[in-house]
Each structure stands twice: as structure tokens, then as C-alpha cells.
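> predicted model, plus sequence, below.
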Amino acid sequence: MSNPRPVALVTGSSRGIGKALAIMLAKKGYDLVICGKTTQPHPKLQGSLPETESELHALGATVLSCSVDIRMEDQIQSMFQQIEEKFGRLDVLINNASAIDLSPVEKLSAKKYDLMQQVNVRGSFLCAQAAYPLLKHSPQAHVLSLSPPIDLNPKWFNPHLGYTISKYGMSMLVLGLSAAWKADRIAVNALWPATIIKTAAIEFNFPPALLNKARTVDIVADAAAWIVSSNPETCTGNFFVDEDVLRAHGLNDFSAYAVDPTQTLFPDLYLSR
């Protein structure tokens, strides 16, 4: 017998955007599957799976917490077996887990290049593939990728080619799966922030001064809530920007999302605005 409440899986949900997405879905009445590698407090990074799980329980969600390295196919398969056994359904998959290194070609190690391709592209592909047998039975099936619209301007390739290949690979999955699964009424969309978002990834990859020019993770979570509540038959194959989603639903003042409202916001990569 399947779970009476809808179920969502958010990859990379120990902290940051992934954690915010899981909390948002719990508030919307979802039970959650969370996964990541941080099962104990990290010396440098805030957040862990147990902390996320505790916050979700406090919101009334039933939670399946899985220690998973999404580079490992056997760990993904085990997680989906647990999902089927515990819930008997899956309604939403959010491919959030991502690795980032903005080094140029001449400085990017093979190890870091492989990590980005394995987590961002391969991991997203394998999770979507494993989710399909459950998603196709959902009346409100959504796959959401945290990846950008594909802009072929060389300025997005030249400074950090390895990272761009991996994020555009995730976006190509959106293009392909939205067409392949349309007949099954599984919506597949992408979401990308208009500005940089204050996360651990930003702290490690951007100058400290930029942190005050960022927005909080909540803007991405709020935009995602609208996307996964949309009609999967008509809302698929889109590359959404968080601001545009919220503006379409009547919100025009985004100042509450700013880390420091007095600062000029710093635009995210891949958006020519």
C-alpha cells in the first residue's frame, strides 16, 4: 500500500539549497527522502543529514534519510529500494546535489573534472533513471534540476570549462527527459537563481565580499514550490529562473531574500541579463 502523502527526494540535502528545498516540501505536506554524504557534523561546513532530518520531523514529515554518494550506482539502487519499501511511491525528484570547481582548463585537475561530471551529470542521470518506475505512477510527477539555461556564449565556457560542461550536461538531461517522459505525464524542468545564493559553495568559490551581494536559499525553495505544484502535462521542458517564477505568481519585491538589502546583488553564472 502506497504512502497517503506525496513523497519527494532531494539529493544533497544536508545543507544549503537542498536543505531549504526539503524544508519547503515538508511545509507543503510532503514526506521526504533526503540523501547526502554528511552523516556527522563537518569541521568546516554547517549542516548534516541528521540535522535536516530532525527539522523535517518537527514539521510533521515522515523522513527516509540515506547516506548516499550519488557517484555510486549501487548506493542509488539501494536508496530507491528503500523508498519503494517505506513509501511505495515517489512524486518529486529534485536533482540538487552538485560539485563545483571554477578553475580554468590549465589548472583543473583530472580528479576535480571527474568529480563534477560524476556528481552533476552521471548522478542526476542515474537518480532520474532509478526514479522513473515510481514517478510514472504518480498523478503529480515532477523532476526538477538545479541547472541553468544553455547559453552557448563562449564567455560561459572560457573561464571554467569543466564546470560548465557538467552543468550544461544536467540541462541536457532536462531537454531529453522532458521529451522522453512527456507521454508518462512526468514533468522535467530546470531552475536556476538570478543571483548568487549564499551557500557553502559560494563561500569556497567566490571572494568573501560577494557573500553580502547574494540572496538566501529561500528564494530558490519558494520558486521550486510553485514549479512542482504545476500541472505536469503542461509545465515541462522549461528552464526557469527563480525571480521569473515568483514574479509570475505575483511577487515583485525580492528584498526579503537579500543577505544585505543595501548591497547591489551579484548575478549568477549563465544568465545574460
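Perfect, I can see it now. Keep in mind the model is a prediction, meaning the values are calculated, not measured.
> could you use CA atoms for every contact and neighbour count after this?
Noted.
> so where do the helices sit in this protein?
16-27, 49-58, 73-86, 110-116, 124-135, 161-180, 200-205, 218-228, 242-248 (DSSP state H).
> pick the most buried one from these.
Of the helices of the chain, the one with the most neighbours on average (mean count of other C-alpha atoms under 10 Å) is helix 16-27, at a mean of 24.
> mind checking how far that helix is from the chain centre?
Put simply, helix 16-27 sits 10 Å off its chain's centre (C-alpha atoms, centre = their mean, to the nearest Å).
> low-scoring pLDDT stretches of this protein, where are they?
Residue ranges of the chain with pLDDT under 70: 1, 43-44, 273.
> ok, now with 80
Counting by pLDDT under 80, the chain contains low-confidence ranges at 1-2, 38-46, 201-202, 204-206, 273.
> what's the neighbour count on the residue nearest to residue 62 when sequence neighbours are not counted?
Excluding the flanking residues, the one nearest residue 62 by C-alpha to C-alpha, 6 or more residues apart in numbering is residue 31, at 5.0 Å. By other C-alpha atoms under 10 Å, 27 other residues sit near residue 31.
> how close does residue 166 get to residue 152?
Residue 166 sits 14 Å away from residue 152, going by C-alpha to C-alpha, to the nearest Å.
> next one: residue 257
29 Å.
> neighbour-wise, which of these two wins?
residue 257 (16 against 10).
> show me the contacts for the more buried one.
Neighbour list for residue 257: 215, 216, 218, 219 [criterion: C-alpha atoms under 8 Å, 6 or more residues apart in numbering].
> tabulate these (CSV), appending distance to residue 5.
CSV is the format used below for the contacts of residue 257 (distance: C-alpha to C-alpha, whole Å):
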residue, distance to residue 5
215, 31
216, 28
218, 23
219, 25
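> if we can go back for a sec, I'd like the helices of the chain laid out as a markdown table, including distance to residue 64.
Below are the helices of the chain laid out as a markdown table (distance: least, C-alpha to C-alpha, whole Å):
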| stretch | distance to residue 64 |
| --- | --- |
| helix 16-27 | 12 |
| helix 49-58 | 8 |
| helix 73-86 | 8 |
| helix 110-116 | 26 |
| helix 124-135 | 15 |
| helix 161-180 | 25 |
| helix 200-205 | 24 |
| helix 218-228 | 20 |
| helix 242-248 | 28 |
